[in-house]
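> kindly generate the corresponding structure for this input.
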Amino acid sequence: MPDTVSTQDNAGLLVLAVDDEAPGLSEIKFLLESSPHIRHVLTAFDAAEALRILRGDYEQEVMARTKAGLPPVDAVFADINMPGLSGMDLARVLSAFRYPPALVFVTGVEERDALVTAFDVGALDFINKPINEERVLKAISRVADRVGRTAAPTTPAAQAAQNPAEPTDDEVIPVELGGTIKLVPRASVRYVEAQGDYARLHTQDGSHLVRIPLAQLEERWANAGFVRIHRSFLVALPLVSELRMTANGYAVVIGTGEGAKELPVSRRHTKELKERIVRPPKSGW
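Numbering: from 1, shown residues only. Down below sits the predicted model:
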């Protein structure tokens, strides 16, 4: 294979499929190759082989991409339940890459519990078995969108400044509801409430409990417009309609009309919040 680096815009996506079962690997490879977004599909029968491929042991292009400041592949489609290193183990290794690829889990029904923690390891999407072609194409589209948003700049200085692992607006959080998994788009989250080691995502349609601490969400979503206002609350800054003084201190109002929600602002977070949402339009504060 030529020692060249291609991008999604001119050559399509380079992806890696990982599954310890030959029929499953063949099926996902076939479906991936059927998409016009995909240029080439690499395959691995377990996570250890996948890491060797991502290290550039077998493919010159993978090594060339890494040297150019790109992820070794654009995306990894990995089974969760594999002998030795599991899909979750692989995901944790990928998250430590300087330029990690997008991650899509391919999972069976019996592995649904693991999906609740998929967000914690940075999964972009997941596909349930038996594999559905339409669902695969949707996941590919999501990957293509992410790659388009995080394409590496051409200069080394720009490459150093960009963080390809940064979450994008289409990030989704898997939550369990009555034995089924629902994907909650981050863009639909109005605010997040701490509940011990868990966090409750509040949307216009309801709320969803996820197994991830509020502090971790605060760090992960900082560049997506979410700001900490209280030890118990993280809010979507664009949805804050008011900052008001109450008998107990400051409070913010999320949204407008009947669906508006008032949340307390702690003293330690008041100054930063004012700087971000009050001072620019009203310099007198």
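
> pretty sure Ala44 is touching Val15, no?
No: in this structure Ala44 lies outside contact range of Val15 using Cβ atoms under 8 Å: 11.4 Å. From N, CA and C alone the C-beta is placed, and that goes for glycine too.

> more neighbours: which of the two?
Per other Cβ atoms under 10 Å, whichever of Ala44 and Val15 has more neighbours is Val15, with 27 against 23.

> could you give the mean pLDDT of whatever helix or strand that one lives in?
Taking DSSP states H and E as the criterion, Val15 maps to strand 13-18. Averaged across strand 13-18, pLDDT comes to 96.

> now for it, which elements pack on it?
Where contact means 3 or more Cβ pairs under 8 Å, 6 or more residues apart in numbering; DSSP states H and E, strand 13-18 is packed against helix 22-33, strand 38-44, helix 47-54, helix 60-67, strand 75-79, helix 133-149.

> out of those, deepest packed?
Stretch with highest mean neighbour count among these: strand 75-79 (a mean of 28; mean count of other Cβ atoms under 10 Å).

> between strand 38-44 and the next helix or strand after that strand, find me the angle.
Moving toward the C-terminus from strand 75-79, the next helix or strand (DSSP H and E) is helix 87-95. For helix 87-95 against strand 38-44, the angle by axes from the mean of the first three to the mean of the last three Cα atoms, to 10 degrees is 120 degrees.

> next secondary structure element downstream of helix 87-95?
Next along the chain after helix 87-95, taking DSSP H and E as the criterion, comes strand 102-107.

> need the contact list for the nearest residue to Ser188 once chain neighbours are set aside.
Spatial nearest neighbour of Ser188, chain neighbours left out: Thr203 (4.6 Å); criterion: Cβ to Cβ, 6 or more residues apart in numbering. By Cβ atoms under 8 Å, 6 or more residues apart in numbering, Thr203 lies in contact with 184, 188-190.

> and the residues you listed as TSV, adding neighbour count and distance to Ile212?
Conversion of these to TSV gives the following (neighbours: other Cβ atoms under 10 Å; distance: Cβ to Cβ, whole Å):
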residue	neighbour count	distance to Ile212
Val184	21	12
Ser188	14	17
Val189	24	12
Arg190	18	17
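
> and of these, the nearest to Asp19?
Of all the contacts of Thr203, Val184 has the smallest distance to Asp19: 26.7 Å, by Cβ to Cβ.

> which SS class is that closest one?
strand (DSSP: H, G, I helix; E, B strand; the rest coil).

> residue contacts, it?
172-175, 201, 203, 208.

> and the strand holding Val15, how far out from the chain middle?
The chain centroid and the centroid of strand 13-18 are separated by 17 Å under Cα atoms, centre = their mean, to the nearest Å.

> would you list the strands that that strand pairs with, along with their directions?
Note on strand 13-18: by DSSP bridges, its sheet partners are strand 38-44 (parallel), strand 75-79 (parallel).

> if we can go back for a sec, can you report phi and psi for the residue nearest to Ser188?
Per-residue torsions, Thr203: phi -120, psi 180 (degrees, to the nearest 10).

> likewise the one 5 residues further on?
Recorded main-chain torsions at His208 are phi -140, psi 130, according to degrees, to the nearest 10.

> what's the neighbour count on the spatially closest residue to it that is not a sequence neighbour?
Closest residue to His208 apart from its sequence neighbours, by Cβ to Cβ, 6+ apart: Val175 at 4.1 Å. Val175 has 19 neighbours, counted by other Cβ under 10 Å.
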